[in-house]
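> below are the sequence and a predicted model; questions follow.
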Amino acid sequence: MGLDLRQLRYFVAVAEERHFGRAASRLAMTQPPLSQQIMALEETLGAALFARTRRSVELTPVGRDLLPEVRRLLTLADSLPALAQSLARGEAGELSLAFVSTADYGLLPQLMRAFTERYPGVRLQLVESTSDIQVEELIAGRIDAGLMIPPVPPRYAGQLSYLPLMREPLIVAMSDDTARQLGGEVPLAALADLPLVVFPRRLAPAFYDIIMDCYARAGLTPRIGQEAIQMQTIVSLVSAGMGVALVPRSLCNLRRTGVVYRPLRDAEPLVETGLLWRSDDVSPVLGGFVEVARGWQPPDDRVPAPLLI
């Protein structure tokens, strides 16, 4: 079935005027071609739309029920050029973004706020994912971009683009009881005998290695207590007294009863989070997101209030 939008517009005009002559004048055409086009539409649809007499034109039950649907269809058709232009400018469409759990408490909400303020018409699909999975999903074309902890696997260096966004120090997450024993700034040596709650290396190798290197530079070997694949779970285990954890400073925004955050007295190791996307597949929406990310400024270095607990 090949519907003609012009014929649908003719149908609406006749339905509203209830008169072929007046509808023809409104459409700046003569009556015979208008009648022919309406009959052609009825033949295409396989149903009569008008009951005609010498003095009147009335909608049939089919025509009456079809009229609001045709109006909606024409409204949608009229909106297509504007939608196409918005899509071309990156002002409409969809963006699929993956993120590591560490980004959920600082970088992600701040970046999303900046993007949605500039592009309110874009639909966002967010999914939490580890850095290694993000790389696989990007290569497969199942996501548009990811907030991940580097490094990018060398074998994909030519296919993926990476933009560093934020570097933040690690701090200590500990229970109330441990915090009372250790006081303010915590030397790493004071944690040596305490169980360490950490991501499994197979899921977050870069983040795991940063923590292990931190201990190694201090001449210490951590005692791994528990492993968890989400930052919320790690903090919950700390709250339950299962050990301590080294977490990015933005985790101070994750308030959990029984958990206290303290800075390290030793040189603070830095964790970097950046944006990753396919170099050869930059849609207008993704281009707008990358532009916002390039202009985004990380927060200042003031110590967050939760550290003072």
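Thanks, I have the structure now. Predicted, not measured: the structure shown is a model, and the values here were computed from it.
> span of stretch 234-252 from start to end?
13 Å (Cα to Cα, to the nearest Å).
> centre of the chain versus it, how much separation?
From the chain centre to the centre of stretch 234-252 is a distance of 26 Å (Cα atoms, centre = their mean, to the nearest Å).
> now do the nearest residue to residue 151 once chain neighbours are set aside against residue 79, distance only.
Leaving out its chain neighbours, the residue that sits closest to residue 151 by Cβ to Cβ, 6 or more residues apart in numbering is residue 206, at 6.3 Å. Where C-beta positions appear, they are placed from N, C-alpha and C, glycine not excepted. Noted for residue 206: a distance of 46 Å to residue 79, by Cβ to Cβ, to the nearest Å.
> which of these two has more neighbours?
Remark: of residue 206 and residue 79, residue 206 carries more neighbours, 19 against 11, as counted by other Cβ atoms under 10 Å.
> list the contacts of that one.
Contact partners of residue 206, counting by Cβ atoms under 8 Å, 6 or more residues apart in numbering, are 131, 149-151.
> which of those residues are buried? Put it as a ChimeraX command.
In ChimeraX syntax, the buried subset of the contacts of residue 206 is picked out as below (16 or more other Cβ atoms under 10 Å):
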select :131,149
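> so which of the contacts of residue 206 sit within strands?
Among the contacts of residue 206, no member falls in strands (criterion: DSSP state E).
> make TSV from the contacts of residue 206 and add distance to residue 39 and pLDDT to it.
As requested, these are exported to TSV (distance: Cβ to Cβ, whole Å; pLDDT from 0 to 100):
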residue	distance to residue 39	pLDDT
131	64	89
149	67	91
150	67	90
151	69	88
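> quick one: low-confidence ranges for this structure?
Counting by pLDDT under 70, the chain has low-confidence residues at 1, 87, 267-268, 299-309.
> kindly state the domain boundaries assigned to it.
Annotated domains of the chain cover 5-88, 93-165+272-303, 169-270 [automatic domain parsing].
> from one end of the first one to the other, what's the distance?
The straight-line separation of the ends of domain 5-88 (Cα to Cα) is 24 Å.
> what's the answer for stretch 41-52, then?
Terminal residues of stretch 41-52 lie 15 Å apart, using Cα to Cα.
> flag every buried residue along it.
For stretch 41-52, using 16+ other Cβ under 10 Å, the buried residues are 41-42, 45, 49-50.
> before we move on, what about stretch 229-243?
Neighbour-count burial for stretch 229-243 flags 231, 234-239, 242-243 (criterion: 16+ other Cβ under 10 Å).
> so can I have JSON lines of those showing distance to residue 105 and secondary structure?
Putting these into JSON lines (distance: Cβ to Cβ, whole Å; DSSP: H, G, I helix; E, B strand; the rest coil) gives the following:
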{"residue": "231", "distance to residue 105": "8", "secondary structure": "helix"}
{"residue": "234", "distance to residue 105": "12", "secondary structure": "helix"}
{"residue": "235", "distance to residue 105": "10", "secondary structure": "helix"}
{"residue": "236", "distance to residue 105": "14", "secondary structure": "helix"}
{"residue": "237", "distance to residue 105": "17", "secondary structure": "helix"}
{"residue": "238", "distance to residue 105": "15", "secondary structure": "helix"}
{"residue": "239", "distance to residue 105": "16", "secondary structure": "helix"}
{"residue": "242", "distance to residue 105": "20", "secondary structure": "coil"}
{"residue": "243", "distance to residue 105": "20", "secondary structure": "coil"}
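> which one of these sits closest to residue 220?
Closest approach to residue 220 among the buried residues of stretch 229-243 (Cβ to Cβ): residue 243, at 14.8 Å.
> now residue 195. Its backbone dihedrals?
Dihedral pair for residue 195: phi -60, psi 140, per degrees, to the nearest 10.
> and it, bridged to which residues?
Here residue 195 sits in beta bridges with residue 223, going by DSSP bridges.
> check contacts around it.
Taking Cβ under 8 Å, 6+ apart, we find residue 195 in contact with 223-226, 242-244.
> at 6 Å instead, please
The contact partners of residue 195, taken as Cβ atoms under 6 Å, 6 or more residues apart in numbering, are 223, 225, 243.
> save the residues you listed as a markdown table, and put in distance to residue 142 too.
Listed next are the contacts of residue 195 as a markdown table, based on distance: Cβ to Cβ, whole Å:
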| residue | distance to residue 142 |
| --- | --- |
| 223 | 38 |
| 225 | 35 |
| 243 | 35 |
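> the stretch 151-300 of the chain: helices as residue ranges?
176-182, 205-217, 231-239, 284-295 (DSSP state H, counting those that start in this stretch).
> looking at the ones you listed, spot the one closest to residue 138.
That would be, of the helices of the stretch 151-300 of the chain and by Cβ to Cβ, helix 284-295, which comes in at 11.1 Å.
> in terms of secondary structure, what does that closest one contact?
strand 93-99, helix 107-118 (3 or more Cβ pairs under 6 Å, 6 or more residues apart in numbering; DSSP states H and E).
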